[in-house]
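Asker: kindly return the folded structure for what I paste below:
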Amino acid sequence: MQAPVRLGKYHGLGNDFLVVLDEENGRALEIGPAEARAWCDRHTGIGADGLLHGSAPAPGAGVDIVMRLYNADGSVAEMSGNGVRCFGHAVARARGMAAGPLRVGTDAGVRELVLSPGADPAELAVAVGMGVAGPGPVIPAEVAARLPERHATVDMGNPHLVLEVPEPAEIDLAAEGGRLERSFPDGINVEFIAVRAPDQIELTVWERGAGITQACGTGACAAAATARAWGATAAEVVVQMPGGSARVAVAADGAITLTGPSVHIATVEVAGRGAG
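Answerer: Reported below is the predicted structural model:
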């Protein structure tokens, strides 16, 4: 009989994740799309926007741990700004860390985290070096013809489409976000943004593989970098999302730092899946 699998549930600004660590379970686990779909289901599973699996790095990799991210539908995602903060929080709890640096290997490259105590014992504040925003995928001509005047695609390790609209909260995310995601061959995250002040952006989001979420860390970075490139914002902005706000700083060399909270919700055990 397979031993149960221990995992934690966390959220970053309402964007919730399940985190399963090999080291916390005392063995290497076989985690994949089936576990993500089963555990992330909000009716028959625990419920989450995604599943994060932490495993030991290869010798000489130069990182403390390796993270793999699965969306709720079982698809693999390269990066999540909220997810990597939750992942860092889970590693800190497993290792008895209250603060400090952490180097995480991901499918989007190495991410350097700095953890510090949060507002209460269940929370950590996490700053993440998110790299430089690059050009995103080419927009199909039939899609470009229907977009607002100011728009851009951005690569934050994963693809984003940033659209400036008067009122992000009034967008029908299920209709518009889903349509736009399907318009790109490999899918795309879609951010609807409004610049409210040089240091403030409002954002709503449709995430590839997850749908409507309360916040998106890579989306906040994509929005901040895009608005900065437009000359609409300062180097540091607060990005307000339905689940709360994150701070994004864009350095002179383009390097982006995302800072926001992670909250531990619960630790649970599930039976019979993912045991290697």
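Asker: for the rest of this, base every contact and every neighbour count on C-alpha atoms.
Answerer: Noted.
Asker: could you pull out the strands in the stretch 1-150 of the chain for me?
Answerer: Assigned by DSSP state E, counting those that start in this stretch, the strands in the stretch 1-150 of the chain fall at 5-12, 15-21, 50-55, 65-71, 76-77, 100-106, 109-117, 123-132, 134-135.
Asker: number of residues surrounding E30?
Answerer: 12 (other Cα atoms under 10 Å).
Asker: state the pLDDT value of it.
Answerer: pLDDT recorded at E30 is 94.
Asker: kindly report the same for A3.
Answerer: Looking at A3, its pLDDT is 89.
Asker: wait, it touches E269, no?
Answerer: No: the criterion here is Cα atoms under 8 Å, and A3 misses it with E269 at 9.7 Å.
Asker: of these two, which one has the most company?
Answerer: Between A3 and E269, counted using other Cα under 10 Å, the more crowded position is A3 (14 against 11).
Asker: mind checking how far the more buried one is from W230?
Answerer: According to Cα to Cα, to the nearest Å, A3 stands 53 Å off from W230.
Asker: then I212?
Answerer: Separation of I212 from W230 (Cα to Cα): 26 Å.
Asker: which of these two has more neighbours?
Answerer: Neighbour count, other Cα under 10 Å: between I212 and W230, I212 has more, with 19 against 12.
Asker: what bridges to that one?
Answerer: In this entry, I212 is beta-bridged to W206, by DSSP bridges.
Asker: now it: how far from E78?
Answerer: Per Cα to Cα, I212 is found 18 Å from E78.
Asker: just give me the longest helix of this protein.
Answerer: Across the chain, the longest stretch assigned as helix under DSSP state H is helix 81-95.
Asker: which neighbouring elements make contact with that helix?
Answerer: The contact analysis (3 or more Cα pairs under 8 Å, 6 or more residues apart in numbering; DSSP states H and E) places helix 81-95 against strand 5-12, strand 15-21, strand 50-55, strand 109-117, strand 123-132, helix 217-229, strand 255-270.
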